[in-house]
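Asker: what would the 3D arrangement of this be:
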Amino acid sequence: MSWKASARHGVREAPAGLALLQDLVNTRGTMSYAPDLLGAADDAQRWLTDALGTWSRVAGLPAPVILLSSTDLRSLRRLRATFEGVILAGGRNPEPDGALPPADVPVSLVPDADGWVRMVPSGRGTRWLASALWAEALLAQQAGLWPRLKLCHNADCRAAFFDTSRNNSGVWHDVSTCGNTANLRAFRERKRLMGNSGSQLGGPSVQRPDLR
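Answerer: Now for the predicted structure:
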């Protein structure tokens, strides 16, 4: 089993630290080929350890060792659902209902040796992870990358992918799977509707008498 959640879906990874947020969303079980990596403590721990190691190398910042409890698992699943809602809202998707919850996490602003101020996650345990994720979301929005992080329009999939199309028009994480499935479903629905319409309008025709 791959502990790199996004790799299971074959999607293009988001750049820099935004890949951590994408990977969290992609821990969700997808159809029949990708189990939920936050469903059991051992799976979640392996995923988190790998994901934090990757983030640390990319961000150039140390990541803490976080040992998950059963309560932490529930917190991670809630955090995942929250970011799904934020991504959908950013894509002007009508699914999110009502106002999104506040982040309510701390970050530290730290100047580096060159005088540039960096946002550094703070807190402990899953609070640190939430701090890192919200910081990456804000940085992605400031860099103009956030609108390209999307959820697949296939409701049975919802894999998070980074859209690299020129006009940012992608809607499927994989056109050959979810895209074709949706097109086939739409084709069958159109065929069904046309069939029903034909049955209502069909039947033997009645020839009108010639009144001339």
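Asker: in the protein, what helix or strand scores lowest on average pLDDT?
Answerer: Taking all helices and strands of the chain together, the one with the lowest average confidence (mean pLDDT, DSSP states H and E) is helix 180-201, at a mean of 54.
Asker: hang on, residue 82 packs against residue 100?
Answerer: Yes. Applying C-beta atoms under 8 Å as the test, residue 82 and residue 100 come out as touching, 7.3 Å apart. (Each C-beta comes from the backbone N, C-alpha and C, glycine too.)
Asker: give me the most central residue, this protein.
Answerer: Using C-alpha atoms, centre = their mean, the residue of the chain that lies closest to the mean C-alpha position is residue 160, 3.1 Å off.
Asker: quick check, pLDDT for the residue nearest to that one when sequence neighbours are not counted.
Answerer: In space, not counting the residues next to it along the chain, residue 160 is nearest to residue 25; the distance is 4.0 Å by C-beta to C-beta, 6 or more residues apart in numbering. Model confidence at residue 25, given as pLDDT, is 97.
Asker: contacts only, for residue 25.
Answerer: Applying C-beta atoms under 8 Å, 6 or more residues apart in numbering, we find residue 25 in contact with 5, 80, 83, 84, 87, 151, 160.
Asker: can you check residue 4 too?
Answerer: Taking C-beta under 8 Å, 6+ apart as the criterion, residue 4 is in contact with 23, 50, 51, 54.
Asker: which ones among those residues map onto helices?
Answerer: Using DSSP state H, 23, 50, 51, 54 are the members of the contacts of residue 4 that sit in helices.
Asker: just flag the most distant two among those residues.
Answerer: With distance counted by C-beta to C-beta, no two of the ones in helices among the contacts of residue 4 lie farther apart than 23 and 50, which are 8.9 Å apart.
Asker: neighbour count winner among those two?
Answerer: residue 23 (24 against 15; other C-beta atoms under 10 Å).
Asker: the more buried one reaches residue 6, doesn't it?
Answerer: Yes. Under the criterion of C-beta under 8 Å, residue 23 lies in contact with residue 6, with a separation of 5.1 Å.
Asker: out of the ones in helices among the contacts of residue 4, who's nearest residue 70?
Answerer: Ranked by distance to residue 70 (C-beta to C-beta), the ones in helices among the contacts of residue 4 are led by residue 51 at 19.4 Å.
Asker: with adjacent residues omitted, what lies nearest to the closest one?
Answerer: If you skip the residues right next to it in sequence, residue 51 has residue 23 as its closest partner in space, 5.2 Å away by C-beta to C-beta, 6+ apart.
Asker: equivalent analysis for residue 66, please.
Answerer: Distance criterion C-beta to C-beta, 6+ apart; nearest residue to residue 66, sequence neighbours excluded, is residue 125 at 5.5 Å.
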